[in-house]
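A.B. asks: here you go, sequence then predicted model.
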Amino acid sequence: MDFFLQLLVNGVCVGLLYGISAMGFVMIFKSSSVLNFAHGELLALGAFFFLALITWAQIPIFAAFILTLIGCFILGFIIEKFFLRPLIGEKLIFVIMLTVGLAAMFKGLILLIWGGNLHTYPDFLPESLALKLGAIYIAPVYTATLVISIIFLVLFGLFFKQSSQGIYMRSVADNQKAALSLGVNVRRVFALSWAIAAMVASMSGIVLGIINGVNVHDLSSIGLKVFPVVILGGLDSISGAIIGGIIIGLLETFTGGYLSPSLRDVVPYIVLVFILLIKPYGLFGLVEIERV
Amino acid sequence: MKKFSFHPCGNYHENYSQELNIFETDFGRVCLILFLAVLFLVAPFVLSPYMLYILNMIGISAIAAIGLNILIGFTGQISLGHGAFFGVGAYAAAILATRLGLPFYLSIPSAGIITALVGMIFGAPSGRLKGLYLTIATLAGQFIIEYVLIHWDSMTKGTMGITLPTTTIFSWEVTGDRAFFFLIFISLVLTTWFAVNIMRSKYGRAFIAIRDNDRAAEGMGIPIFKYKLLSFGISSFYAGFAGAIWAYYMVSITSEPFNLGLSVEYIAMVIIGGMGNIPGAIFGATFITLLNELLRYLTGVLMNVGFVTSTGLNMAPLREFVFGLAIVLFILLEPKGLAELWRIVRSSFRLWPFSY
């Protein structure tokens, strides 16, 4: 029973991580319907930026965290401005392949600068954050993750419901042409959504880096793990991303624990195919109806 | 006797069969025949083994890229699993050759057919899904096939890999780069010929109709699911065929090369070469293969430059960076690819000295 409970807790923790990794992805898709294959590399960029700030530049943790978020915000802006904007209205394959190309570029760049080894952050989370419930132990990072993801969920919820920019973003996601004709600055919405997404991605990258260490290959493979998560939750639902993340996380840890560790990495994709066949728009996604 | 025709100065077609001609002019036909003659009669006897190896690699990738171009460029279904299908073909040929002892002229086409069936299974979601949902489904297919190739020990021998027997035809051993050159390029010519012709047929027109507007295509009475499946089948047949030849050429295979990176490379070939253009796929395969070889050479050279070694920089990731940059630049600057560049060059020659 303890084994089961520990797996359950681990699964939820891992799932939360997937959830927040997926949030940035959903942000981009929601406003510009771009499928971002460079998401894993954005995670890695954020994580490495933070690493450089705290180990090379010796900046205090909190300041480094804020600087990383700001840096990635600007980076997202630049990516949208120079690479995605010329492609507005182009075919899906070009947009997908552009992000694939960007992914290769970023990965090459990170490998050139930092190499493919595993780096670790210095330990900075207080041990008092750790939770102990009977025989189950929750590491401080996971508590921090839980707190951070709840904060971000609430922030995003407020942003999309209350702020004018958030409402613009939702309107663009819903119907680009209608939004344009009502005077929404669609370009600014796209730029902003990429900037926010890159920022969120860097935040998730840092959290992932604290838990697993910072390694390009691991982080970019998490960028692909995002796909089953967002499909399960619905491509355009942020809370769906968190719930999808938790389901995929549970699925992975239980398969790893009870069936076979090697099956663990492929199970999300098998589930993905079935979801796509049964409920293509996910559990919480908006159903598109085609009329001729 | 028929008059030898050059490029006309306007569109003088009088019926549909003229419109469907592969060669617009006899000049183009003669050029192609001359090119093929040089390729087959001169190239294998002049070039060094290394050059032949590169040519062979180009040929194999070109076969697979043509297949992917039928799916992406003509039918408009984006597949991220082409590398895995290539692997299925390689393993199918290896298993057929070692377990059943089939000769290569049977095992390579059967590997193609097996891959076509696998491709149709993974193309089945296209009945309900389209656009990016289908892309994600094929991404899942890539990972599932990769997993099966590694973990189905009894069949694929897992990470150990399979070693293929030497290929013989009429007691003549097909080994070495030159023999494979003929095998690969005869296959390439045949598959290109097949692809060009299928695109002129009812099937090709149906594919293009589905790409341009699937709802309109269905409204006009084209059973789109059937044709999408067929397109998946043909495209995976090409991948499997190329993979099977590759397996024979490499002699021993492991599951390592058939990853997502390979699938991305094939899509890059299709995009850089030019979507919806059969010769474009060959251009793209040539470009990517040469780029890979050039970057491998360059990084090797850079490693030995004193300055780089002293700073301890590892130049290998430069390959990945330049590869990504090439894709991004082509998409941003010339989305129609090398085929379009080739057309521009040709027409500026044709219109010389009044080119604009």
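C.D. replies: Ah, there it is. Residues are numbered from 1 along each chain as shown, chains lettered A, B, ... in the order given.

A.B. asks: so who does residue 84 touch?
C.D. replies: Since no chain was named, I'll use chain A. By C-beta atoms under 8 Å, 6 or more residues apart in numbering or on different chains, the contact set of A:Leu84 is A:32, A:34, A:95, A:98, A:190, A:194. All C-beta spots, glycine's among them, are computed from the backbone N, C-alpha and C.

A.B. asks: could you do chain B instead?
C.D. replies: Taking C-beta under 8 Å, 6+ apart, we find B:Ala84 in contact with B:141-142, B:145-146, B:149, B:258, B:263.

A.B. asks: change it to 6 Å
C.D. replies: B:142, B:145-146, B:258 (C-beta atoms under 6 Å, 6 or more residues apart in numbering or on different chains).

A.B. asks: about what we covered before: so which of the contacts of A:Leu84 is the most crowded?
C.D. replies: A:Trp194 (29 neighbours; other C-beta atoms under 10 Å in any protein chain shown).

A.B. asks: leaving out chain neighbours, which residue sits closest to B:Val189?
C.D. replies: Nearest in space to B:Val189, with sequence neighbours left out and distances taken as C-beta to C-beta, 6 or more residues apart in numbering or on different chains, is B:Leu36 at 7.0 Å.

A.B. asks: from B:Ile245, how far out is that neighbour?
C.D. replies: 19 Å (C-beta to C-beta, to the nearest Å).

A.B. asks: repeat for B:Val46
C.D. replies: In terms of C-beta to C-beta, B:Val46 sits 23 Å off from B:Ile245.

A.B. asks: and the two? Which one has more around it.
C.D. replies: B:Ile245 (27 against 10).

A.B. asks: and the pLDDT for the more buried one?
C.D. replies: Note for B:Ile245: predicted pLDDT of 92.

A.B. asks: next one: phi and psi at it?
C.D. replies: phi -60, psi -40 (degrees, to the nearest 10).

A.B. asks: which residues touch it?
C.D. replies: B:60, B:184.

A.B. asks: any weak-confidence spans in chain A?
C.D. replies: Chain A contains residues with pLDDT under 70 at A:125-131, A:133-136, A:285-292.

A.B. asks: what residues does it have near chain B?
C.D. replies: Counting by C-beta under 6 Å from any C-beta of the partner chain, chain A comes close to chain B at A:35, A:86, A:92-94, A:97-98, A:100-101, A:104-105, A:107-109, A:111-112, A:227, A:266, A:269, A:272-273, A:276-277, A:280, A:292.

A.B. asks: now, of these, which are buried?
C.D. replies: Buried subset of the residues of chain A next to chain B (neighbour count, 16 or more other C-beta atoms under 10 Å in any protein chain shown): A:35, A:92-94, A:97-98, A:100-101, A:104-105, A:107-109, A:111-112, A:227, A:266, A:269, A:272-273, A:276, A:280.

A.B. asks: tell me which of the residues you listed fall in helices.
C.D. replies: Secondary structure from DSSP state H places A:92-94, A:97-98, A:100-101, A:104-105, A:107-109, A:111-112, A:227, A:269, A:272-273, A:276 of those in helices.

A.B. asks: need the per-residue pLDDT for the closest residue to B:Gly123 other than its chain neighbours.
C.D. replies: Nearest non-adjacent residue to B:Gly123, counting by C-beta to C-beta, 6+ apart: B:Phe232, 2.8 Å away. We have a pLDDT of 94 for B:Phe232.

A.B. asks: how much space between B:Phe232 and B:Phe225?
C.D. replies: 11 Å.
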